[in-house]
Structures are given as C-alpha cells and as structure tokens.
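Asker: Here's my sequence, what's the structure:
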Amino acid sequence: MRIITVPVRRDNYAYLLIDEATNKAAAVDPFDVLKCRAQAEKEGVELIALITTHHHADHSGGNDEFHSAYPSALVYGGSDSIPALTHLVKDGDIFYVGENIQVRHSKAGAEGSVYRASYYRDTLFLAGCGGMFEGTVPEMHKALSYLGTLPDETVVYTGHEYTQITSAFGAHIDPNAPGMNKLRMFAEESITTGKSTIGDEKQWNVFMRLDS
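Answerer: Numbering: from 1, shown residues only. All right, here's what the predicted structure looks like:
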C-alpha cells in the first residue's frame, strides 16, 4: 500500500490509498475532488472507492461531487448522515481496496494494511486529540485508549494539520516528555501527518497517557 497525502482547505488532509499491484485506489475525505483527481491522474491510478471518516462537512463535503465524477465508486462510511453513502460500515467491519489493501473500520477511525497505517478523523492529532463537538469525554478517552492498543509502529495519519498548536500545548503541560525535541522538529514542517507513530504518541501526547 502506498499513501499519498493531499492537503485540502486551510488545514485539512485528504489521502489516496493505492494498491500498487492493481493501480486501484481509494480517496479518504476528498473534500477537494479536483485536487484529488489530479493527484490520482499524476500517480496513474484508478479511483474505485471513497472512505469518509465522519460526516463533518470539511471531511464529507466533496462526496456528492466525487460520486458524480466516479458513479461506480463505492462510498464507505460509518453513519447514514454521510453524503452519497453506498456502504455503511460498523465497528469491526473489513473491506478491501484492490487486491491487497484491507481496511478495518472502528469507532476511532480506520486502519489500513498491508503495512500498518491508521486514519483518525478528528480523534487523534499529533500530540493532541479532537474537540468535544459531539460525544463525551469518556467516549474520547475510550477511543484513545483503543488506539493505544495498536502496534507501536502503526503510522498516524490525521485529518488536520494542528501540530504547531498541539506541540506547544504538550510542551507546556509536560516539557520533559520523551521525544519532545523530535516533536518540535515536526512542528516546524508544513506537513506532519504520516511522520509519527502510535509509539511516538504514547510518549509525547498527554491525552494518550491519561488513566481516565
């Protein structure tokens, strides 16, 4: 599996998940369909699916346009409120993109393999977590606790670029946390998604180290 990051809007990320054996791909949260389409054409891949991490407009706002551009593409998501949805998935469901990419839906996001990667909607950010627009604090803690059970080498792909803000908060709360220098280096880069792991987050993300 090859993962291509596509920055959209001011601080959102969309992704292309590419099965290199078949050159088939899924778009994750393709808010800017033209930009994602151009990237797919550049990579020489066929878009056959759309994965929507959640229903917020900055993530699902491109679904109708994507469905019009790719009417045969399958649209996966975990809520009936997701636009253009064709396949509702629930916790633990598994589906495939091409021959080699397995995607497992969970309430905390979606995990893809052949090599381990996870997409965390607005649950987990580098050194931070999502806001309480919906759900409860105990539900967020449960989701983050689940993510902490994933293999340490699991690569973190987030829905937004918030690392400068979250790293400053983390340094204020726990300036001596392991890996803080590495985190500060990340924060200076324009694109940080895909550069940390669950193991990293368990070191420097204060929200991943809470008991309750």
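
Asker: pLDDT wise, what is the residue located most distally from the centre of the chain at?
Answerer: Most distant from the centre of the chain: N176, at 27.7 Å, with distances by C-alpha atoms, centre = their mean. With respect to pLDDT, N176 scores 89.

Asker: gap between it and G199?
Answerer: Separation of N176 from G199 (C-beta to C-beta, to the nearest Å): 18 Å. Where you see a C-beta, it was placed from the backbone N, CA and C, and this is true even at glycine.

Asker: can you give me the strands for this protein?
Answerer: 2-8, 12-19, 24-28, 46-51, 74-77, 87-88, 94-97, 101-106, 109-113, 117-119, 124-125, 128-129, 155-157, 196-197 (DSSP state E).

Asker: If you average pLDDT over each of those, which is lowest?
Answerer: With a mean of 52, strand 109-113 has the lowest mean pLDDT of those.

Asker: E65 contacts V33, doesn't it?
Answerer: Yes. Between E65 and V33 there is a contact under C-beta atoms under 8 Å: 4.5 Å.

Asker: Of the two, which one has the most company?
Answerer: Neighbour tally, E65 and V33, criterion other C-beta atoms under 10 Å: the higher count belongs to V33, 23 against 17.

Asker: Mind splitting this structure into its structural domains?
Answerer: Following automatic domain parsing, the chain resolves into domains at 1-90, 120-212.

Asker: Any idea which of those has the lowest pLDDT on average?
Answerer: Note on those: lowest mean pLDDT is at domain 120-212, with a mean of 86.

Asker: Measure how far that domain is from the centre of its chain, please.
Answerer: 12 Å (C-alpha atoms, centre = their mean, to the nearest Å).

Asker: any chance you could map the helices in the chain?
Answerer: 33-43, 57-60, 63-69, 137-147, 163-173, 180-187, 198-204 (DSSP state H).
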